[in-house]
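>>> my questions concern the predicted model and sequence given below.
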Amino acid sequence: MACRIGELVIDAVDPERLAAFWGEVLGFVEVGREGGGSVEIGPPGVGFGGPQPTLLFIPTTDPRPAKLRLHIDVNPTDRDQDEELERLLALGARRADVGQGEDASWHVLRDPEGNEFCLLRQRLDAV
């Protein structure tokens with residue numbers, strides 16, 4: 001038997017704000033809180049242990065490293081890529097240039113704390 005990802009833990013200056021942003025991006029809801037200001041979000045009605053990993057935002061005052069070694073890729077589920085890009089920008093995402101070039105089929109964005117993520121073109125079924 002192999003492992004699977006149960007949750008992704010993300011350091012955040014403002015866990016509430018980042019949890020709210022990613023909750024809107026992914027359609028997740030708050031599934032728990034831990035001491036010290038941590039906020040966990042996940043799929044509605046499922047929570048931790050379901051087929052998708054939850055996201056746990058933990059408070060930090062450490063400065064963000066220059067470039068993260070891991071980033072999240074997201075795919076639209078109920079609209080095309082251009083419509084989803086507009087929705088993400090309206091939620092507070094910002095465009096980012098990491099050298100992807102103008103002919104890239106994906107968009108590189110930053111969340112409200114500057115963490116890079118990509119919006120891919122292919123539409124996926126909502127889980």
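Here it is on my side, so go on.
>>> next, the nearest residue to Val46 once chain neighbours are set aside: secondary structure please.
Leaving aside its sequence neighbours, Val46 sits nearest to Gln52 (C-beta to C-beta, 6 or more residues apart in numbering; 7.4 Å). Bear in mind the C-beta positions are built from the backbone N, C-alpha and C, glycine included. Of the three states, Gln52 takes coil under DSSP: H, G, I helix; E, B strand; the rest coil.
>>> likewise the one 3 residues further on?
Of the three states, Leu55 takes strand according to three-state DSSP.
>>> swap in Asp78?
Classification of Asp78 using three-state DSSP returns coil.
>>> which residues does the nearest residue to it once chain neighbours are set aside contact?
The shortest distance from Asp78 to any non-neighbouring residue, by C-beta to C-beta, 6+ apart, is to Ala126 (6.8 Å). Going by C-beta atoms under 8 Å, 6 or more residues apart in numbering, Ala126 touches Gly27, Thr77, Asp78.
>>> just the buried ones among the residues you listed, please.
Buried members of those, scored by 16 or more other C-beta atoms under 10 Å: none.
>>> can you give me phi and psi for the residue minimising distance to the centre of the chain?
Residue closest to the mean C-alpha point of the chain, counted by C-alpha atoms, centre = their mean, is Trp22 at 4.9 Å. Main-chain torsions, Trp22, degrees, to the nearest 10: phi -70, psi -30.
>>> which residues sit in contact with it?
Here Trp22 is in contact with Phe28, Ile41, Leu55, Phe57, Asp111 (C-beta under 8 Å, 6+ apart).
>>> could I get the residues you listed as CSV with distance to Arg121?
Below are the contacts of Trp22 laid out as CSV (distance: C-beta to C-beta, whole Å):
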residue, distance to Arg121
Phe28, 22
Ile41, 25
Leu55, 23
Phe57, 28
Asp111, 20
